[in-house]
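Visitor: Sequence first, predicted model second:
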Amino acid sequence: MRRLLIAAVSALGLVLAFSSTALAEGDDVIVRHSGSPDSGTCGNNWANDTFTRVFHVDQEDNTLVLTEFYKSGHFVTVAGASPGGCQTIGNHGHFVTAGVRGSFHGFLRGTVTGGTYNSDATCPNPCNGTTFVPAFFGPAATWNVINDWSFSYQANDDDLLFRRWTNAGSGNVGDIATS
């Protein structure tokens, strides 16, 4: 019975870690307690991330621009290929062990076409870029993010071979790697 209770509490913790609460604050929509697996250059999920999303809409020269910021981000690695393990350029590692912890921040930015912004809309759970765009711009809207994104990671473990990784539309630099 105790094992069943521990399993149920653990499962609830995972559900809460990857659920979200969207709140409108001024011109931004803030989604607290958001999370997702994080994929690396080899295509595998190298970490589980938790973070706060902030969606910000601007109008630039009659063009709607949506930026999704990732703030207060934290990651915990899963064993396997390191995030930069399959990069073809630069100095990087190949493997990361499970349980490495660290922080990150980043953004995705692109234009929205085929819709009209409704600041009074609500975002369904989970609230992410895929669900935010149709909820706030209409079902025909598309969000075009083309190389305007960047995520910077910093691991806490001083014994790693690599502790910093930047994953960006302009290219990747470094790694989070054990070997």
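Guide: That came through fine. Residues are numbered from 1 along each chain as shown.

Visitor: so what's His74 up against?
Guide: Listed by CB atoms under 8 Å, 6 or more residues apart in numbering, the contact partners of His74 are Asp49, Thr50, Phe51, Arg101, Gly102, Ser103, Phe104. No exception for glycine: its C-beta is placed from N, CA and C like everyone else's.

Visitor: Just the helices from this protein, written as ranges.
Guide: Listed in chain order, the helices of the chain (DSSP state H) span 2-17, 129-137.

Visitor: returning to that earlier point: and the contacts of His74, which two are furthest apart?
Guide: Pairwise distances among the contacts of His74 were taken by CB to CB; the largest, 13.7 Å, belongs to Phe51 and Arg101.

Visitor: Neighbour count: the two, which is higher?
Guide: Phe51 (22 against 12; other CB atoms under 10 Å).

Visitor: Just the buried subset of the contacts of His74, please.
Guide: Buried members of those, scored by 16 or more other CB atoms under 10 Å, are Asp49, Phe51, Gly102, Phe104.

Visitor: nearest to Tyr117, of those?
Guide: Nearest to Tyr117 among those, counting by CB to CB, is Phe51 at 23.6 Å.
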